[in-house]
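Asker: Provide a 3D model corresponding to the input given below.
(chains A and B)
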Amino acid sequence: MSATREPGMRRIVVAAASTVSGLVLVLAYPTSLNRQAAPATALPGSGQSQSPSGSAGSGASQSGSTSGGAVTGDAVMTQWGVVQVEVQVSGGKVASARAVQVPDGNPMDQRINSIAVPMLEQETVAANSAQIDVVSGATVTSEGYISSLQSALDQAGL
Amino acid sequence: MTAGTAVLDRRAWHETVMGMPVSVHVRGERVDGDVPAAVAALYAELRAVDAVFSTYREDSEISRLARGELRRRDCSSDVREVLALCGLARRRTAGAFDAHRRLPDGGTALDPSGLVKGWATERAARHLARLPGLDWYVCAGGDVVGHVASDARPAWRVGVEDPADRDLLVAVLPLRDGGVATSGTAARGDHVWDPATGRPVRSQLASVTVAGPSLLWADVLATALFVRGGEAAPAVAADGYEVLLVERDGTVRRAARR
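Answerer: From the prediction side, this is the model:
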C-alpha cells in the first residue's frame, strides 16, 4: 500500500486503481466457453494472486496519470488484446468508467466490452447505497464472482 | 461508513482457492504488522486443504479414499475429523445432509465438499482470530465467517443475495461473531444434491440462508433446509441459528429464536 499520509487522497487513488484493475480483470476473465482457470497474463497490482508463494496481493499499484479526477490505468495485454481503462472519480467513488483502448478484433470482444463496464459501475453504486460489507450467496464459481457485488466490495478495500 | 468507523483502517485481500473466490477484509486502528502474514497463512491453509480434499484431483487423499485405495483409519487426522463431522451432520439433519450420495447407477459417491467448505474457512480464519483488536471477515464462495472485536464498533453488514437477481439483496444480517451461509441453485454452478435420490434438488425454495455461531453448522443446516424444503426452519432457529428462506416466487420468510 502507498505510504501517503492523506487518507482521502489515498482512498481515491486506491479505489480508482482497484476499480481500473477490476475492470481489466472483468475484461480479461475467460467466459464460460473457455474453461481456462486463470487469466493468461498477470494483471498489474490486482488483488488476485495465483502464485504458489501465497502472497496476499493487497494494494493495487497505479502507474497511470491522475488529473482532475480522471485516472488512467496501465495498458494491459489480455487474452483478447490490449485493454486500457479510464476511470472518473468523484468524492472517493467511481463516477464512471470507460475503456480507452479495447480489443475489437471479433464480435466476442465487442460483447464483453459492452457488458463489463456498465455492470461494474452499477454494482459499485448498489453496494455503496446498501452500506453492506459482504455478500452471502449461493454463487460459488470464480466466474460468477467477477461480476458480483462481493467483487465491488473487495475493490473498495483492495 | 458510519461515524464509529471514521478513523478505522480497512484492507481487503482476494484470491481464488478451492475453485472459489475467497475475500478477506480486516478492520482496525492499524491494519499492518502481523496482519499480512496472517492473511497469507490463511490462504496457504486453504490451499493445503484443497490438496487433501479436492474431488477434482485424482491424487487427493479424499479421491483415493473414495476409490477405496485408502482405508478410513489410514487417513490423515483432518480427513478423519471431517468424516466424523459428516456423520454428525447426517444425524443432526436426519439425512438431509449426507456426504454419501446415491448415484444414478446404484452406487454411492463420497463427497464431503459441502462440509469441507465451511469447516476449512472457519478453521483458516483462526489465523485472524489470533490478532487482538481487529475486526475481520472471510467470505469463501458466499460463506462468511467474521468477528467484531469491540461492541463500540458496528457489526459487519452481510447482504443476502437475491437468488433471482445477483445485483440485488433480499436482506441484510448483522454479524459480530459466527457465520452466514447460503444454499441454493446458482445460475451456472453446482447443483445441490438430494442424498436420498441422488438427483438435483427440485424445490420451491430458491435459496436458504442460515446465520449463527458456527459457519460449519450454518452451511450444513442451509444445505439440509434447502434439500428438505425449509419445513425444519423453526427447529433450526430454536437451536440458535437464524434462517432466511427465499421462495421461487420471491417470498421471503424468516425464522429466528425469540
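Asker: give me the beta-bridge partners of the residue in the stretch 101-250 of chain B that chain A sits nearest to?
Answerer: In the stretch 101-250 of chain B, the residue that lies nearest chain A is residue B:161 (3.0 Å; C-beta to the nearest C-beta). The way it works is simple: take the backbone N, C-alpha and C, and place the C-beta from them, glycine included. Applying DSSP bridges to residue B:161 yields these beta-bridge partners: residue B:169.
Asker: ok, how many other residues are close to it?
Answerer: Applying other C-beta atoms under 10 Å in any protein chain shown, we find 27 other residues in the vicinity of residue B:161.
Asker: Kindly report the same for residue B:101.
Answerer: Other residues within reach of residue B:101, judged by other C-beta under 10 Å, total 18.
Asker: Kindly report the same for residue B:232.
Answerer: 18.
Asker: Now do whichever strand or helix holds residue B:91: distance to the chain's middle.
Answerer: Using DSSP states H and E, residue B:91 maps to helix B:77-92. Taking C-alpha atoms, centre = their mean, to the nearest Å, one finds helix B:77-92 lying 15 Å from the centre of the chain it belongs to.
Asker: just stretch B:195-208 next, same as before
Answerer: Computed by C-alpha atoms, centre = their mean, the chain-centroid distance of stretch B:195-208 equals 18 Å.
Asker: Next: stretch B:47-56.
Answerer: Distance of stretch B:47-56 from its chain centroid, counting by C-alpha atoms, centre = their mean, is 16 Å.
Asker: Same question for stretch B:172-186.
Answerer: Remark: stretch B:172-186 is offset 8 Å from the chain centroid, using C-alpha atoms, centre = their mean.
Asker: show me what contacts residue B:50?
Answerer: B:17-19, B:57 (C-beta atoms under 8 Å, 6 or more residues apart in numbering or on different chains).
Asker: Spatially nearest residue to residue B:200, not counting backbone neighbours?
Answerer: Excluding the flanking residues, the one nearest residue B:200 by C-beta to C-beta, 6 or more residues apart in numbering or on different chains is residue B:191, at 3.8 Å.
Asker: hang on, that neighbour in a strand?
Answerer: No. Residue B:191: not assigned to a strand; according to DSSP: H, G, I helix; E, B strand; the rest coil it is coil.
Asker: sorry, back to before: so for the helix holding residue B:91, what gets flagged as buried?
Answerer: Using 16 or more other C-beta atoms under 10 Å in any protein chain shown as the test for burial, helix B:77-92 gives B:78-79, B:82-83, B:85-86, B:89-90, B:92.
Asker: Equivalent analysis for stretch B:204-219, please.
Answerer: For stretch B:204-219, a neighbour-count test (16+ other C-beta under 10 Å) marks B:205-212, B:214-219 as buried.
Asker: so which of those also contact chain A?
Answerer: B:207, B:209 (C-beta under 8 Å from any C-beta of the partner chain).
Asker: Show only the entries of the buried residues of stretch B:204-219 found in strands.
Answerer: If you go by DSSP state E, those have B:205-212 in strands.
Asker: ok, which pair from these is furthest apart?
Answerer: Comparing all pairs in those by C-beta to C-beta, the longest separation belongs to B:206 and B:212, at 20.9 Å.
Asker: helix/strand/coil for residue B:13?
Answerer: At residue B:13 the chain is in strand, as set by three-state DSSP.
Asker: okay, now it: neighbour count?
Answerer: Using other C-beta under 10 Å, residue B:13 has 27 neighbouring residues.
Asker: could I get the ones in strands among the buried residues of stretch B:204-219 as a markdown table with pLDDT?
Answerer: Below are these laid out as a markdown table (pLDDT from 0 to 100):
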| residue | pLDDT |
| --- | --- |
| B:205 | 91 |
| B:206 | 90 |
| B:207 | 92 |
| B:208 | 95 |
| B:209 | 95 |
| B:210 | 96 |
| B:211 | 96 |
| B:212 | 96 |
